[in-house]
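> structure here, sequence nowhere to be found:
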């Protein structure tokens, strides 16, 4: 069952409120990136209509979202946090960072993500930062 645009907007608004209410907890020392992915990033892309958890039980080669997909970057195996696909075609990567990583000031996360996109010849990649949503 697909959701309407209004349902997706409502889910994103609710998620932003959840983050705003719990901002201090998300920034606490020791909070892992995996927790941020489960609590914020996965639900965000699900609200946008992506089947992040493969609820449709699509065959592996047709999954919409591949977490930690293997990728060759300059002869080394790397793993973008998410690979988003339509059918079997990769469309974009998403690299997640835990709260508190200043992606505006630290070029390393952007370089990491750009190297994934460049290696795969993808035009789009997304670096997540809930702080930038203005929450």
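Nice, thanks for sending it over. For clarity, every value in this text was computed on a predicted model and none was experimentally measured.

> ranges for the strands of the protein?
All strands of the chain, identified by DSSP state E, fall at 65-67, 71-73, 76-78, 82-86, 89-95, 124-127.

> can you list the buried residues in the last one?
Of the residues in strand 124-127, those buried under the neighbour-count criterion (16 or more other Cβ atoms under 10 Å) are 125-127. The way it works is simple: take the backbone N, C-alpha and C, and place the C-beta from them, glycine included.

> which ones are touching residue 113?
80, 93, 95, 125-127 (Cβ atoms under 8 Å, 6 or more residues apart in numbering).

> quick test: name the residue nearest the centre of the protein.
For the chain, the residue nearest the mean C-alpha position is residue 94 (4.4 Å; Cα atoms, centre = their mean).

> any idea of the pLDDT on that one?
Listed pLDDT for residue 94 reads 88.

> and if you look at the one 5 residues further on?
Note on residue 99: pLDDT of 84.

> quick one on the thing from earlier: can you put the strands of the chain in CSV and add distance to residue 116?
Below are the strands of the chain laid out as CSV (distance: least, Cβ to Cβ, whole Å):
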stretch, distance to residue 116
strand 65-67, 13
strand 71-73, 6
strand 76-78, 7
strand 82-86, 9
strand 89-95, 5
strand 124-127, 6
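
> from the chain's centroid, how far away is the longest helix out of those in the chain?
In the chain, with assignment by DSSP state H, the single longest helix is helix 5-21. Averaging C-alpha positions (Cα atoms, centre = their mean, to the nearest Å) puts helix 5-21 16 Å from its chain's average.

> alright, I will stop here.
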